[in-house]
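J.: need a structure here:
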Amino acid sequence: MREIRLNVSELGSLADSVSAGDRVILSGTVYTARDAAHKRFFELLDSGSELPFEINGAAIYYAGPTPTPEGMAIGSCGPTTSSRMDTYAPRLLDLGLKCMIGKGERSDEVCDAILRNKALYLCAVGGAGALASMCITECEVIAFEELGCESVKKLTFKDFPLICAIDGKGGNLFK
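T.: Residues are numbered from 1 along each chain as shown. Next up is the predicted model:
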């Protein structure tokens, strides 16, 4: 297993150098979004409105963080089961999404879209949300605040350890 240090801003140019099975240490800006936020994304897109962040080159972490304890940037922030977003992911990938972070397998349609768009699916360790939160240095709610933990948040990651589960070359740890 290789270890690759990667900044989200480099995803466009370096995603093809990452292979399924690689350990990725990710830093940079990542957005949280789960089911409710994805539904709102599609309402915005279908009405011709813009998304609350630039999707081209972006990374989305399927997570719904707990409330922030005093002195921390964020509460526990573990991954959500990614298949819950499978109906939404292909369209977002086709719009330029470069990276999804979550846990669990993805549908064939999502795998095809990852390959078609040379994107990445990275897995975080489930059940380790408190540890994951230690790699998040900043958190800002940027959209849908009324959704609470499912609001869209802009996070800053510092050395977040992940495993590449599906790469943009056809590699897939689940197959």
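J.: Just give me the neighbour total for the closest residue to G104 other than its chain neighbours.
T.: Nearest residue to G104 in three dimensions, chain neighbours excluded: T81, at 4.8 Å (Cβ to Cβ, 6 or more residues apart in numbering). Bear in mind the C-beta positions are built from the backbone N, C-alpha and C, glycine included. Other residues near T81 come to 13 when the count uses other Cβ atoms under 10 Å.
J.: in terms of contact, does T81 touch E105 like I think?
T.: No - using Cβ atoms under 8 Å, T81 is not in contact with E105; the gap is 9.2 Å.
J.: got the residue ranges for the strands in the protein?
T.: Under the criterion DSSP state E, strands of the chain are mapped to 3-7, 23-32, 59-61, 99-102, 120-123, 136-143, 152-166.
J.: then the fourth one to PDB, C-alphas only?
T.: What follows is strand 99-102 as a C-alpha-only set of coordinates in PDB (Å, rounded to 0.1, in the frame of the first residue of the first chain):
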ATOM      1  CA  CYS A  99     -13.900  13.300  -4.800                       C
ATOM      2  CA  MET A 100     -16.500  11.700  -2.500                       C
ATOM      3  CA  ILE A 101     -15.600  10.500   1.000                       C
ATOM      4  CA  GLY A 102     -17.800   8.100   3.000                       C
END
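J.: okay, now L162: neighbour count?
T.: Counted with other Cβ under 10 Å, L162 comes out at 25.
J.: Surely it touches S27?
T.: No - the pair L162 / S27 is not scored as a contact, 11.1 Å apart, by Cβ under 8 Å.
J.: what angle sits between the lengthiest helix in the chain and strand 23-32?
T.: Across the chain, the longest stretch assigned as helix under DSSP state H is helix 35-46. Helix 35-46 and strand 23-32 are oriented at 70 degrees to each other (axes from the mean of the first three to the mean of the last three Cα atoms, to 10 degrees).
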